[in-house]
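Enquirer: Next input, structure requested:
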Amino acid sequence: MTAGAGSGVEEPRDLGEALRRAAALLAEAGVPSPRADAEQLAAHLLAGELASGGLGRLRALAIMGTPLPVGFSDAFWELVAERARRVPLQHLTGVAHFRHLTLAVGPGVFVPRPETEGVVQLALDWIAEHFPAPAHDAAAPPDAAAPPRARRGPVAVDLGTGSGAIAASIAHEVPTAVVHAVELSELAHAWAARNLAAEATGGRVRLALGDLRTAFPDLDGTVDVVVSNPPYIPPGMVPREPEAAEHDPEMALYGGAEGGLELPLAAAATAARLLKPGGFFVMEHAEVQAERLAAVLGADPAWTCVRSHTDLNGFPRSTSAVRAG
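Expert: As a prediction, this is how the structure comes out:
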């Protein structure tokens, strides 16, 4: 695809015009954020030239009317054409941004969503309350002869890790944490292995290929935090966005059984098995499942302090509970 293929329209003269034309094409195709996506695709191709300037540098070059680099046009319009066919932006750039991380993603793995960032925050808030960082007394002189006090960090489990977004975020943001993550899909597991590599997580993440229903029997009753974003879409409820319906793996989408609750309830059962008394569980789900999940967990003697939490759009997006003693 070129800007003027079959239309007699001249090629854009500069970067600013190319971005405007690409945004118009993406808007016509129904892409929700056409200008932002056009900029991301251009920044992906120009990463070497933009260096650390990123999108800010790209926008400055566009305003200045910078001529298009040699070889840019063909690659750019090919990417724009793919995005217009609603191939996920993250599949075209090979990365997804999640909290403070840039994750490798592509076909075969669920692209992490902003809603899940809020679920991670709930876990991090609980960790901060129950595993506070040691206070530093600036007035006290250091004692070189005294060994540093060992402080146990939290043990966390990510059930159905997908790309590894949750596990990687906890490991990155809680340097004392030890994290265990499990994924059933071999393709998704391969992506998670890249994102959870020892050099990226300090060797504090253990990744397993397996079923969240039977994961980590060696950890029963020893875990502090369990986080999960399991498949939860009810059967027959096809996502509205083509990016999800046509490109996210079905294994990562549909929760099974009536109402899509088979895997969310399985994740809750595994969390109850893994957590020590007083441990924290938080799980993402569909807004239509919040009431049912709160009722089921509230009626289960394994749980106390059951709460629903809303996402940035005000929808009930996750449920948390504390393991009863």
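Enquirer: what's in contact with stretch 81-94?
Expert: 1, 25-26, 28-31, 37, 40-41, 44, 79, 96, 104-107, 111, 241-243, 246-247 (Cβ atoms under 8 Å, 6 or more residues apart in numbering). C-beta here means a position set from N, CA and C on the backbone, and glycine is covered the same way.
Enquirer: Dump stretch 13-28 to CSV, keeping only the CA atoms.
Expert: Once non-C-alpha atoms are left out, stretch 13-28 reads as follows in CSV (Å, rounded to 0.1, in the frame of the first residue of the first chain):
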residue,chain,number,x,y,z
ARG,A,13,6.5,15.3,0.8
ASP,A,14,7.5,15.2,4.5
LEU,A,15,7.0,13.4,7.8
GLY,A,16,4.2,15.6,9.0
GLU,A,17,2.1,15.1,5.9
ALA,A,18,2.8,11.3,6.0
LEU,A,19,1.5,11.2,9.6
ARG,A,20,-1.6,13.2,8.7
ARG,A,21,-2.4,11.0,5.8
ALA,A,22,-1.8,7.8,7.7
ALA,A,23,-4.0,9.0,10.5
ALA,A,24,-6.8,9.7,8.1
LEU,A,25,-6.5,6.2,6.6
LEU,A,26,-6.6,4.6,10.0
ALA,A,27,-9.6,6.7,11.1
GLU,A,28,-11.5,5.6,8.0
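Enquirer: buried residues in that stretch?
Expert: By neighbour count on 16 or more other Cβ atoms under 10 Å, the buried set for stretch 13-28 is L15, G16, E17, A18, L19, R21, A22, A23, L25, L26, A27.
Enquirer: Tell me the one of those nearest H130?
Expert: L26 (45.2 Å; Cβ to Cβ).
Enquirer: Hmm, A38 and the closest one touching each other?
Expert: Yes. If you go by Cβ atoms under 8 Å, L26 and A38 touch, sitting 6.1 Å apart.
Enquirer: residues shared between the contacts of these two?
Expert: V80.
Enquirer: ok, back up a step: of the buried residues of stretch 13-28, which belong to helices?
Expert: L15, G16, E17, A18, L19, R21, A22, A23, L25, L26, A27 (DSSP state H).
Enquirer: can you pull the contacts of the residue nearest the centre of the chain?
Expert: Nearest to the geometric centre of the chain sits P112, at 3.2 Å (Cα atoms, centre = their mean). Contacts for P112 (Cβ under 8 Å, 6+ apart) come out as A96, F98, L103, V105, G162, S163, A165.
Enquirer: By neighbour count, which of these wins?
Expert: Using other Cβ atoms under 10 Å as the neighbour test, these are led by G162, with 31 neighbours.
Enquirer: Can you tell me the SS state at that residue?
Expert: coil (DSSP: H, G, I helix; E, B strand; the rest coil).
Enquirer: Done for today, thanks.
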